[in-house]
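J.: I'll drop the sequence and a predicted model, then ask my questions.
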Amino acid sequence: MANMKNAKKRIKQNIKREIENNNYEASMKTAIKNVEKAVKTNDKETATAKLSVAIKAIDKAKSKGAIKANNVSRNKSRLMKKVNEME
């Protein structure tokens with residue numbers, strides 16, 4: 001356990017940031033799963049609508065620093081590819 005005042009403060013800040021980052025990641029993953037579910041049911045309209053929600057969630061997680069840029073690019077690319085391959 002930390003002894004200095006600033007170290008104790010840093011621990012509190014790190015815990016707070018971890019919780020916030022986990023929330024952004026969870027909402028991003030949920031949005032991605034919703035798109036994949038719509039793709040499995042072969043519903044193009046729903047998949048397209050949920051894709052925009054997922055991209056927004058991914059971009060928000062990136063802007064808040066919860067995920068890195070390569071992760072953003074990879075996730076967006078994979079989702080768009082899945083939706084565009086639908087008939």
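T.: Good, I have the coordinates. Just so we're clear, the structure is a prediction, and the values are computed from it rather than from any experiment.
J.: okay, now Met1: neighbour count?
T.: When neighbours are defined as other C-beta atoms under 10 Å, Met1 has 5 of them. Using the backbone N, CA and C atoms, a C-beta is placed for each residue, glycine as well.
J.: tell me which element the most centrally placed residue in the chain falls in.
T.: In the chain, the C-alpha nearest the mean C-alpha coordinate belongs to Met28, at 2.7 Å (C-alpha atoms, centre = their mean). Using DSSP states H and E, Met28 maps to helix 5-40.
J.: distance between that helix and the chain's centre?
T.: The chain centroid and the centroid of helix 5-40 are separated by 8 Å, computed with C-alpha atoms, centre = their mean, to the nearest Å.
J.: what angle sits between whichever helix or strand comes after that helix and helix 5-40?
T.: Remark: after helix 5-40, the chain's next helix or strand is helix 44-63, criterion DSSP H and E. Per axes from the mean of the first three to the mean of the last three C-alpha atoms, to 10 degrees, the angle that helix 44-63 makes with helix 5-40 is 170 degrees.
J.: and the helix or strand that helix 44-63 is followed by with helix 5-40, angle?
T.: Toward the C-terminal end, the helix or strand that comes next after helix 44-63 (DSSP H and E) is helix 69-84. Here helix 69-84 runs at an angle of 20 degrees relative to helix 5-40 (the same axes, to 10 degrees).
J.: May I have helix 69-84 as CSV, with CA atoms only?
T.: Output of helix 69-84 as CSV, limited to C-alpha atoms (Å, rounded to 0.1, in the frame of the first residue of the first chain):
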residue,chain,number,x,y,z
ALA,A,69,-5.9,3.3,-32.8
ASN,A,70,-5.0,-0.1,-34.4
ASN,A,71,-7.8,-1.8,-32.4
VAL,A,72,-10.2,0.9,-33.8
SER,A,73,-9.2,0.3,-37.4
ARG,A,74,-9.3,-3.4,-37.1
ASN,A,75,-12.8,-3.5,-35.5
LYS,A,76,-14.3,-1.0,-37.9
SER,A,77,-12.8,-2.8,-40.9
ARG,A,78,-14.0,-6.2,-39.8
LEU,A,79,-17.6,-5.0,-39.1
MET,A,80,-17.9,-3.1,-42.4
LYS,A,81,-16.6,-6.0,-44.3
LYS,A,82,-19.2,-8.3,-42.7
VAL,A,83,-22.0,-5.9,-43.4
ASN,A,84,-20.9,-5.2,-47.0
